[in-house]
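A.B. asks: got a sequence here, can you build the structure:
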Amino acid sequence: MVLGGQIFAKSLRGFREGDFPGLLEKEGIVMAVLIFVLLLVFIALFNRVLPVFEPPDEQDRASAENRPG
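C.D. replies: Take a look at the predicted model:
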């Protein structure tokens, strides 16, 4: 059962066309890219303050390079 199917069938009042987002609109493509880039910048800055992984020491690097395999 489709609610409002009779209205749609006779008068097309229930019909809605999809909108393609514009470039500079509030919900546009540029704003989506800007939010994505800001998120990556925030993650990079946060990683500088509280690093996820500790940088390897010089001894660890040298032993890894001399290790066979």
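A.B. asks: please make it C-alpha for all contacts and neighbour counts, starting now.
C.D. replies: Fine.
A.B. asks: excluding chain neighbours, what is closest to residue 30?
C.D. replies: Once flanking residues are discounted, residue 30 sits nearest to residue 23: 5.5 Å by C-alpha to C-alpha, 6 or more residues apart in numbering.
A.B. asks: now do the helices in this structure.
C.D. replies: With DSSP state H, the ranges of helices along the chain come out as 5-11, 29-49, 58-66.
A.B. asks: need the residues that contact the second one.
C.D. replies: Meaning helix 29-49. The contact list for helix 29-49, computed with C-alpha atoms under 8 Å, 6 or more residues apart in numbering, reads 21, 22, 23, 24, 25.
A.B. asks: okay if I get those as TSV plus distance to residue 48 and neighbour count?
C.D. replies: Converted to TSV, the contacts of helix 29-49 look like this (distance: C-alpha to C-alpha, whole Å; neighbours: other C-alpha atoms under 10 Å):
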residue	distance to residue 48	neighbour count
21	35	12
22	35	12
23	33	12
24	32	10
25	33	10
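A.B. asks: could the residues you listed go into CSV alongside distance to residue 56 and pLDDT?
C.D. replies: Putting the contacts of helix 29-49 into CSV (distance: C-alpha to C-alpha, whole Å; pLDDT from 0 to 100) gives the following:
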residue, distance to residue 56, pLDDT
21, 45, 76
22, 46, 80
23, 44, 79
24, 44, 79
25, 45, 81
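A.B. asks: could you check how many residues crowd around residue 33?
C.D. replies: When neighbours are counted by other C-alpha atoms under 10 Å, residue 33 registers 11.
A.B. asks: repeat for residue 48
C.D. replies: Neighbour tally, residue 48, other C-alpha under 10 Å: 10.
A.B. asks: for residue 40, see how far away it is.
C.D. replies: 13 Å (C-alpha to C-alpha, to the nearest Å).
A.B. asks: can you check residue 30 too?
C.D. replies: On the measure of C-alpha to C-alpha, residue 30 and residue 40 end up 15 Å apart.
A.B. asks: can you check residue 34 too?
C.D. replies: Relative to residue 40, and taking C-alpha to C-alpha, residue 34 is found at 10 Å.
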